[in-house]
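Q: Next input, structure requested:
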Amino acid sequence: MESNNIIERYNKLFNKIHNAKTVDDIRNISDELNRFEITYNLIDKVTVKKLHEKFFERMNAMIMENEVVYQNLKDKIRLINEEEYDYSKDVEVSQAVQAKVLELMSKLPKKKNLANTGVIAQTIGSTIKSGIIGSKAALELLKYPAYIDMVDERFRQQAYIGSKSAKQIEFETKKESELEKLNYENAQVFLQGFHLRNMRKKFVSSKKISYFCDNDVDTDISVNTIYFNN
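A: Numbers count the residues shown, from 1 in each chain. All right, here's what the predicted structure looks like:
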């Protein structure tokens, strides 16, 4: 009767280990495996040892799978970060911008001082508010040393935002959304790998496992070089 019971529990636990997919699965199996060992280790050490080996093998496999997923996500994030907006999709406005720059220059004083600060701010501010052309013209002023200090940081930010076309805003919004999603997934995968490694380290320490490998024993234990002591 005891023999049938151990076989039944062994098979159930073996299948759970084989089908483990998550950190919670590993955590729950670890608890079950400890209970199994307490109950049957004195009766059948070989069977307990087989489950230990299977459990360790599954943790190693999950960690390797985790590393692949983590690296793939990192590659996707890198590629999206490297994507740049194709300005050729926008309507050509260079002539209109240059005309606006000349118009803007004609309205601005040759030099900034305390007396004309308000006029400069009003002129540049209204130009930016006029739309994409005006915003691009305000940014073009930065190419001319005499006008750089007239376009302060506040106006530069406003002009940068205002210079974007609807297509560019759509591109950047989509890019930001995709990066946010992938970065979240990447953080979750990293956290899962962190927990799996910690649980493997704890398992190795608690089961008195002997191993020989070239890598850091705390994080990279080769399943091909593992030996379980009786």
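Q: Spatially central residue in this structure, please.
A: With distances taken as CA atoms, centre = their mean, Asn183 lies nearest the centre of the chain, 2.7 Å away.
Q: That one against Ile77, yeah?
A: Yes - using CB atoms under 8 Å, Asn183 is in contact with Ile77, at 6.6 Å. For glycine as for every other residue, the C-beta is placed from the backbone atoms N, C-alpha and C.
Q: Which residue is the nearest non-sequential neighbour of Lys16?
A: Leaving aside its sequence neighbours, Lys16 sits nearest to Ile29 (CB to CB, 6 or more residues apart in numbering; 5.4 Å).
Q: so the one you found makes contact with Phe55?
A: Yes - Ile29 lies in contact with Phe55 (CB under 8 Å); the separation is 6.5 Å.
Q: Any regions of the protein where pLDDT drops low?
A: Counting by pLDDT under 70, the chain shows low-confidence ranges at 1-4, 208-230.
Q: now do 80
A: Along the chain, segments meeting pLDDT under 80 span 1-4, 89, 207-230.
Q: just so I have it, where are all the helices in it?
A: For the chain, the helices defined by DSSP state H cover 2-18, 23-40, 45-82, 94-107, 117-129, 132-140, 153-162, 166-206.
Q: so of these, which one's packed in deepest?
A: Sort the helices of the chain by mean neighbour count, taking mean count of other CB atoms under 10 Å, and helix 132-140 sits at the top with a mean of 22.
Q: could you say what helices and strands that one packs with?
A: Contact here means 3 or more CB pairs under 8 Å, 6 or more residues apart in numbering; DSSP states H and E; on that basis helix 132-140 packs against helix 94-107, helix 117-129, helix 153-162.
Q: sorry, back to before: anything in contact with each of Ile29 and Phe55?
A: Ile17 (CB atoms under 8 Å, 6 or more residues apart in numbering).
Q: Need the nearest residue in space to His195, chain neighbours excluded.
A: Nearest non-adjacent residue to His195 (CB to CB, 6+ apart): Val23, at 4.6 Å.
Q: Tell me how far the one you found lies from Ser163.
A: According to CB to CB, to the nearest Å, Val23 and Ser163 sit 47 Å apart.
Q: Out of the helices of the chain, flag the one nearest Ala146.
A: helix 94-107 (9.0 Å; CB to CB).
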